[in-house]
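> sequence unknown, structure follows:
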């Protein structure tokens, strides 16, 4: 039984390889990208991001919206903030969260479009 995913003849296409290698990001950059996508790989964090698409919210409102404890939400918010996907601001005794920039929404919208195809 032949494996259709493997070439039947080993031939290197050196011009293609050269072009691809010249465009390949450095390992550190690829690691950072992989870490960013790990952040998107959690459904709770995705829910938080979808809430933040609609409004800037405080931790308490976010916890109530997601039916979670403030502590559990805070843990996820810290991960999102370390990844520079969200930002916070203090107003009196409350801390409000919002998306860091429009890129965050664009990434998720593009992924959603991809899933819908």
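Nice, thanks for sending it over. Note that the coordinates shown come from a computational prediction; the quantities given were computed from them, not determined experimentally. Numbering: from 1, shown residues only.

> use CA for all of it now, contacts and neighbours both
Will do.

> mind listing residues that contact the helix or strand harbouring residue 71?
Under the criterion DSSP states H and E, the helix or strand holding residue 71 is helix 70-82. With CA atoms under 8 Å, 6 or more residues apart in numbering as the contact definition, helix 70-82 has outside contacts at 39, 44-45, 59-60, 62-63, 86-87.

> mind running it again at 7 Å?
Identification of contacts with helix 70-82 by CA atoms under 7 Å, 6 or more residues apart in numbering yields 45, 59-60, 63, 86-87.

> which parts of that helix are buried?
By 16 or more other CA atoms under 10 Å, the buried positions in helix 70-82 come out as 73, 76-77, 80-81.

> which parts of the protein are strands?
57-58, 86-91, 94-99 (DSSP state E).

> mind putting these in CSV, mean pLDDT and distance to residue 29 included?
Converted to CSV, these look like this (pLDDT from 0 to 100; distance: least, CA to CA, whole Å):
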stretch, mean pLDDT, distance to residue 29
strand 57-58, 96, 32
strand 86-91, 96, 21
strand 94-99, 96, 23
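
> got those strands as a markdown table, with mean neighbour count and distance to residue 6 columns?
Formatted as a markdown table, those follow (neighbours: other CA atoms under 10 Å; distance: least, CA to CA, whole Å):
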| stretch | mean neighbour count | distance to residue 6 |
| --- | --- | --- |
| strand 57-58 | 18 | 51 |
| strand 86-91 | 14 | 43 |
| strand 94-99 | 18 | 44 |
